[in-house]
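# how would this look folded up:
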Amino acid sequence: MQRVTNNFVQLDSYDNFAFMALYERDRQGVKTTPKNIIIKNNDFNASGRMRYPIRILSGAVNKSRGISIENNRFNIDGLVDNYYKVMIEVRNPVELLTVTDNQAIWDKQINGWVTVADTGTFNAVNQLILWGNSGSKKTDVTRGLNPVMPSTLKVATEPLPSPTIPFIGSFYTGSAIYTVGDANIKGRVDNNTGHYQIVGLFIDGIGIKNTTMNSDGSFLINVKGNNITSHSKVVLRYRVNGVETYDSEMQVKITE
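Numbering: from 1, shown residues only. Below you'll find the predicted structure:
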């Protein structure tokens with residue numbers, strides 16, 4: 001596992017390429033593809049133009065984890081200057097990409113979180129997990145971000161007319177909520193179709209219990225006696241089975 005966590009990044013150049021770019025490495029004919037990578041709890045800031053906030057040129061899976069971008073903050077004053085003006089560009093095929101609970105604040109223009117670039121060759125994200133992300137324009141807080149751009153980016157539920165059309169193989173969204181005083185956390189993963197099977201509950205960083213997801217992706221977790229308040233940090237970790245490390249994380253929305 002490779003972790004990029006708890007960093008503060010400030011780029012004050014007029015023209016910036018990226019906060020982070022993930023490439024395939026070729027060393028004497030042996031290729032190493034980015035996999036089992038966690039980018040989490042980082043504070044990324046830029047005052048000038050940013051071409052690609054995060055650019056991914058390849059991605060595989062190891063121990064059920066691909067590339068996970070979780071709970072980061074992005075503050076960009078300049079223009080995001082890629083074609084679709086998105087936070088994350090996938091340039092070559094990626095097996096599994098998780099983008100969850102991130103926050104973007106911008107000044108010039110950002111349209112969406114993820115795009116699969118049209119490169120004229122085969123390009124896709126086989127599995128995209130996307131939930132809990134938020135964004136606001138500094139001069140217009142009503143402006144939000146599209147999950148994917150273009151909004152017509154195809155989820156491949158049927159044969160594509162051309163092998164060079166970029167697409168998403170499986171697209172998972174979802175949410176989890178808890179009202180203080182209730183007995184259960186209620187949640188679901190949309191389009192799950194049996195992919196995730198185990199949900200782990202963590203309260204203030206401490207693992208509490210695991211539960212099994214229903215076949216439709218919904219679940220209830222009994223938390224009676226755990227004394228959850230509006231100030232508690234409650235996180236769910238999803239796994240494809242009971243053996244592998246967790247694949248995707250979700251923050252529980254707490255209301256009173």
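# okay, CA-based contacts and neighbour counts for the rest of this
Noted.
# can you give me the strands for the stretch 51-200 of the chain?
67-70, 73-76, 86-90, 94-100, 103-106, 112-116, 124-131, 134-137, 146-148, 154-155, 167-179, 184-190, 198-203 (DSSP state E, counting those that start in this stretch).
# Against residue 101, how distant is residue 5?
According to CA to CA, to the nearest Å, residue 5 stands 14 Å off from residue 101.
# meant to ask about residue 214
23 Å.
# confidence score at residue 116?
Looking at residue 116, its pLDDT stands at 95.
# could you measure it against residue 205, distance?
Distance, residue 116 to residue 205, using CA to CA: 34 Å.
# And residue 67, by the same measure?
On the measure of CA to CA, residue 67 and residue 205 end up 22 Å apart.
# Neighbour count: those two, which is higher?
Taking other CA atoms under 10 Å, residue 67 and residue 205 do not tie; residue 67 has more neighbours (27 against 11).
# Show the contacting residues for that one.
By CA atoms under 8 Å, 6 or more residues apart in numbering, the contact set of residue 67 is 34, 35, 36, 37, 38, 39, 59, 60, 61, 96, 97, 98.
# Who does it form a beta bridge with?
Residue 67 forms beta bridges with residue 37, residue 97, as assigned by DSSP bridges.
# quick one: residue 187 from residue 119, how far?
Distance check for residue 187 against residue 119: by CA to CA, it reads 37 Å.
# who has more neighbours, the two?
residue 187 (19 against 12).
# Retrieve the pLDDT associated with the closest residue to the more buried one other than its chain neighbours.
Spatial nearest neighbour of residue 187, chain neighbours left out: residue 176 (3.9 Å); criterion: CA to CA, 6 or more residues apart in numbering. At residue 176, the model reports a pLDDT of 95.
# Same check on residue 227?
88.
# just residue 138 next, same as before
The model reports residue 138 with a pLDDT of 79.
# what about it, neighbour count?
As a burial measure, residue 138 scores 15 neighbours (other CA under 10 Å).
# Then residue 206?
Going by other CA under 10 Å, the residues that sit close to residue 206 add up to 11.
# Show me the domain layout of the chain.
Domain ranges of the chain: 2-171, 174-255, per automatic domain parsing.
# And the shortest one, end to end?
End-to-end distance of domain 174-255 (CA to CA): 17 Å.
# from the chain's centre, how far out does it sit?
In terms of CA atoms, centre = their mean, to the nearest Å, the centre of domain 174-255 is set 17 Å apart from its chain centre.
# just checking, residue 95 touches residue 125?
Yes - contact between residue 95 and residue 125 holds when scored by CA atoms under 8 Å: they sit 5.7 Å apart.
# ok, these two, which is more surrounded?
residue 125 (25 against 19).
# List the contacts of that one.
For residue 125, the contact set (CA under 8 Å, 6+ apart) comprises 90, 93, 94, 95, 96, 97, 116, 167, 168, 169.
# of all these, which comes closest to residue 230?
Nearest to residue 230 among those: residue 97, at 30.0 Å, using CA to CA.
# No further queries at this time; thank you.
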